[in-house]
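Engineer: no FASTA, just this:
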């Protein structure tokens with residue numbers, strides 16, 4: 001696979017040289033083996049620090065895949081079950097007609113509480129107990145389990161509090177102990193970055209600022225679930241208090257670490273298998289295929305993972321699980337080829353051109369089987 005490594009390296013070098021990208025990481029595992037580990041560009045343009053394979057990059061909602069994987073590991077060991085009512089772990093969540101909501105509903109964005117309280121500020125996001133209390137008290141937009149709608153930022157609080165109630169431990173620590181450490185990537189896979197690691201994190205750049213009016217016109221309901229002050233942006237995601245906060249709707253990671261995690265979800269990596277084969281089949285099967293109540297698009301989810309790929313001419317969505325981030329990062333497992341993939345980037349924009357370009361290269365190596 002040396003030729004593939006070289007071709008991917010050439011592709012991302014060209015993207016950086018052209019000015020289309022600032023810093024990139026790409027990793028590919030196949031059947032548990034790391035076959036591509038390529039980096040290009042800068043992690044911090046101000047200092048000139050280069051991107052390295054182990055540089056953590058904030059990848060926004062790609063972090064949801066980390067959060068979901070923690071739940072699957074806990075289900076695997078019997079700490080909870082997908083059909084456990086949330087109120088059994090978190091009684092307050094049953095307010096206003098949410099008593100029947102389950103862990104499964106939380107994972108599939110069908111639990112019915114996609115919106116943060118109006119006027120939420122970044123400082124509010126960092127108050128775990130207050131945010132969980134507000135979401136628990138919220139009136140659901142629909143009866144849990146009957147519809148789906150992207151829980152862009154509430155997902156992490158709901159799933160994270162389920163994990164905290166089940167284990168007595170914050171989800172970021174469970175990720176470290178149960179997922180990252182066994183895989184040897186405890187310094188590259190974070191839901192909350194330890195303060196001692198902040199100096200290693202890449203600095204994001206955003207060439208075009210968020211245009212709230214344009215967003216309101218394009219996606220009217222988006223600002224009903226994510227107040228303007230907490231829309232994802234490079235400015236917000238570079239803040240030390242944001243990176244270190246318990247906010248498991250997003251994550252900070254290297255491409256090779258999250259590709260390795262997906263490889264251990266669907267198979268074995270260096271003797272480590274996070275899930276049994278039966279569990280892996282269960283969590284990678286399509287669980288929801290419906291119209292998203294926030295965005296209006298067709299939404300397809302496995303248990304805690306999106307299905308499909310955010311690129312033109314994508315393969316059958318039922319064979320791909322993963323998660324894109326609003327900054328243009330992406331990670332997946334392709335069940336048809338046995339390959340897992342991740343691309344992380346320091347240029348923050350909802351643009352998957354880099355992902356598309358790299359898939360043009362690796363698709364020729366893994367045409368399906």
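Structural biologist: Right, received. Where do you want to start? The structure displayed is predicted, hence computed values, not measured ones. Residues are numbered from 1 along each chain as shown.

Engineer: tell me which residues in stretch 29-45 are buried?
Structural biologist: The neighbour-count check on stretch 29-45 (16 or more other Cβ atoms under 10 Å) flags 29-30, 32, 34-44 as buried. For glycine as for every other residue, the C-beta is placed from the backbone atoms N, C-alpha and C.

Engineer: list the helices and strands the one helix or strand residue 40 maps to packs on?
Structural biologist: Using DSSP states H and E, the element containing residue 40 is strand 33-44. Helices and strands touching strand 33-44, by 3 or more Cβ pairs under 8 Å, 6 or more residues apart in numbering; DSSP states H and E, are helix 2-17, strand 23-30, strand 49-50, helix 255-266.

Engineer: With respect to residue 86, which of the buried residues of stretch 29-45 is nearest?
Structural biologist: Proximity of the buried residues of stretch 29-45 to residue 86 was ranked by Cβ to Cβ; the top entry is residue 29 with 33.4 Å.

Engineer: wait, isn't the closest one in contact with residue 332?
Structural biologist: No. At 11.0 Å, residue 29 does not count as touching residue 332 under the criterion of Cβ atoms under 8 Å.

Engineer: how about a markdown table for the buried residues of stretch 29-45, with distance to residue 111 added?
Structural biologist: Shown next, in a markdown table, are the buried residues of stretch 29-45 (distance: Cβ to Cβ, whole Å):
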| residue | distance to residue 111 |
| --- | --- |
| 29 | 31 |
| 30 | 35 |
| 32 | 33 |
| 34 | 36 |
| 35 | 38 |
| 36 | 36 |
| 37 | 37 |
| 38 | 38 |
| 39 | 38 |
| 40 | 39 |
| 41 | 39 |
| 42 | 40 |
| 43 | 36 |
| 44 | 38 |
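
Engineer: Tabulate those residues (TSV), appending distance to residue 302 and pLDDT.
Structural biologist: Converted to TSV, the buried residues of stretch 29-45 look like this (distance: Cβ to Cβ, whole Å; pLDDT from 0 to 100):
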residue	distance to residue 302	pLDDT
29	19	97
30	20	95
32	20	87
34	24	97
35	24	97
36	24	98
37	26	98
38	28	98
39	29	98
40	31	98
41	32	98
42	35	98
43	32	98
44	36	98
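
Engineer: And residue 55, its phi and psi?
Structural biologist: phi -70, psi 120 (degrees, to the nearest 10).

Engineer: Could you report the distance from it to residue 292?
Structural biologist: Here the criterion is Cβ to Cβ, to the nearest Å. By it, residue 55 lies 33 Å from residue 292.

Engineer: Now do the contacts for residue 297.
Structural biologist: Residues in contact with residue 297 (Cβ atoms under 8 Å, 6 or more residues apart in numbering) are residue 291.

Engineer: Any idea which helix or strand in this protein has the lowest mean pLDDT?
Structural biologist: helix 212-218 (a mean of 84; mean pLDDT, DSSP states H and E).

Engineer: mind listing what's buried in whichever helix or strand comes after that one?
Structural biologist: Where DSSP H and E defines the elements, the next helix or strand beyond helix 212-218 is helix 222-225. For helix 222-225, burial by neighbour count (16+ other Cβ under 10 Å) applies to 222, 225.
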